[in-house]
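Q: any chance you could fold what I've pasted below:
(one chain, ligands or ions: 2)
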Amino acid sequence: MSEQASSIDYIMEKASGPHFSGLRLNGLLSSLSSSSSTSPTHRTCSVSASASPLTPKQPFVIGVSGGAASGKTTVCDMIIQQLHDHRVVLVNQDSFYRGLTTAELERVHEYNFDHPDAFDTEQLLDCIQKLRSGQPYQIPIYDFKTHLRCSDSFRQVNASDVIILEGILVFHDPSVRNLMNMKIFVDTDVDVRLARRIRRDTVERGRDINFVLEQYAKFVKPAFDDFVLPSKKYADVIIPRGGENHVAIDLIVHNIESFIYSAPGSVYTGVDFCKKLCGVSVVRR
Ligand SMILES: Nc1ncnc2c1ncn2[C@@H]1O[C@H](COP(=O)(O)OP(=O)(O)O)[C@@H](O)[C@H]1O
Ligand SMILES: O=c1ccn([C@@H]2O[C@H](COP(=O)(O)O)[C@@H](O)[C@H]2O)c(=O)[nH]1
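A: Numbers count the residues shown, from 1 in each chain. Ligands and ions are numbered 1, 2, ... in the order given. Here you go, the predicted model:
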């Protein structure tokens, strides 16, 4: 054990006598949390109480929405990196795209991938419900080049402390949205999103530039205005500039950790949380 960790243990043990009743971490955290959520100026670090209250050890569900190429995946990766002491699973809404039929494939230029009906939301809901109740799930694998799902392989995900659901329309369906304990919207300038999309779709997804621009004007932009932007109002936290915004990401991670450490039935103790605040790595019991 490091010197820093052992000295924190010493301080906490010393404090755990008659004086310790003054440091009830759960109460402290919940009062901090509720005071921040009532103040508009602290809105960026409040946690939504919209999902049903967490039962012991139930995973914390985070929704991350925003326009295509806004930096959602990048933000999720940064959150996951900082939550390295915990079991975190990332679920991409993209994995739940319905594979196109032969007829749809023949007229792929006319297919709207940005409409809510393009996703199998029933299956996505089933996935989040199962993961939330601690069951494993086999997530489909969608191929952006063929517009089909792999018929014989899946991504197996297991029970976790935190579930992050990322996608352009994860706030659209109320039954999915209501499973979330925290909702984040990544807000990136429209020109930046288009420039990134052109690069990604031509380089990584092997698309022709004319197809990308035509698809953008015909489907992506109108669907952003009709479905994605209106769902921004459900967000608890709005991150301007996506992954560049380290301050917002640090605040979010801090808030998630305070919930994990203070959840009823948590495997962590108040000492763990104090260690974490002091920058000491905490190992799950
Ligand atoms: N802050 C950033 N600066 C530069 N490029 C970025 C930044 N964030 C994301 N990108 C790039 O933009 C593209 C889309 O980012 P991604 O995180 O996958 O967005 P989304 O998941 O919203 O589609 C990727 O190629 C990624 O590398
Ligand atoms: O076969 C497909 C499926 C989806 N798209 C586009 O992808 C984006 C959503 O992905 P992000 O990772 O959130 O950027 C959406 O705008 C669809 O238009 C596609 O082009 N082809």
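
Q: so residue 114 makes contact with residue 227?
A: Yes - distance between residue 114 and residue 227: 7.4 Å, which falls inside the contact criterion (CB atoms under 8 Å). Every C-beta, even on glycine, is put in place using the N, C-alpha and C of the backbone.

Q: looking at the two, which is more packed in?
A: Under the neighbour definition other CB atoms under 10 Å, residue 114 and residue 227 were set side by side, and residue 114 has more, 22 against 16.

Q: that one in helix, strand or coil?
A: For residue 114, the assignment made with DSSP: H, G, I helix; E, B strand; the rest coil gives coil.

Q: find the nearest non-adjacent residue to it, please.
A: Distances taken as CB to CB, 6 or more residues apart in numbering place residue 223 nearest to residue 114, at 3.3 Å, with adjacent residues excluded.

Q: pLDDT on stretch 212-221, on average?
A: In this model, stretch 212-221 has an average pLDDT of 98.

Q: enumerate the residues of the chain near ligand 2.
A: 68, 69, 72, 94, 97, 113, 114, 144, 147, 168, 220 (CB under 6 Å from any ligand atom).

Q: near ligand 1, list only the ones from those residues.
A: Of the entries in the residues of the chain next to ligand 2, those that also sit close to ligand 1 under the rule CB under 6 Å from any ligand atom are 68, 69, 72.

Q: tell me which of the residues you listed is nearest to ligand 2?
A: Distances from ligand 2 to those, taken as CB to the nearest ligand atom, are shortest for residue 68 (3.3 Å).

Q: neighbours around that closest one, how many?
A: As a burial measure, the neighbour count of residue 68 was computed by other CB under 10 Å and equals 21.

Q: tell me the contacts of it?
A: Residues in contact with residue 68 (CB atoms under 8 Å, 6 or more residues apart in numbering) are 114, 168, 193, 197, 220, 224.

Q: any residues in contact with both of residue 114 and residue 227?
A: The overlap between the contact sets of residue 114 and residue 227 (CB under 8 Å, 6+ apart) consists of residue 168.

Q: return the distance of the spatially most central residue of the chain relative to ligand 1.
A: Centroid check for the chain by CA atoms, centre = their mean gives residue 164 as the closest residue, at 3.3 Å. Taking CB to the nearest ligand atom, to the nearest Å as the measure, residue 164 and ligand 1 are separated by 12 Å.

Q: output the ones next to ligand 1 among the residues of the chain next to ligand 2 as CSV; include the columns distance to residue 124 and pLDDT.
A: Formatted as CSV, the entries for these read as follows, by distance: CB to CB, whole Å; pLDDT from 0 to 100:
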residue, distance to residue 124, pLDDT
68, 17, 97
69, 21, 97
72, 15, 98
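
Q: narrow these to those in strands?
A: Among those, no residue falls in strands (DSSP state E).

Q: hang on, the earlier thing: by neighbour count, which of the contacts of residue 68 wins?
A: Ranking those using other CB under 10 Å puts residue 168 first, with 26 neighbours.

Q: which SS class is it?
A: Applying three-state DSSP to residue 168 yields a three-state assignment of coil.
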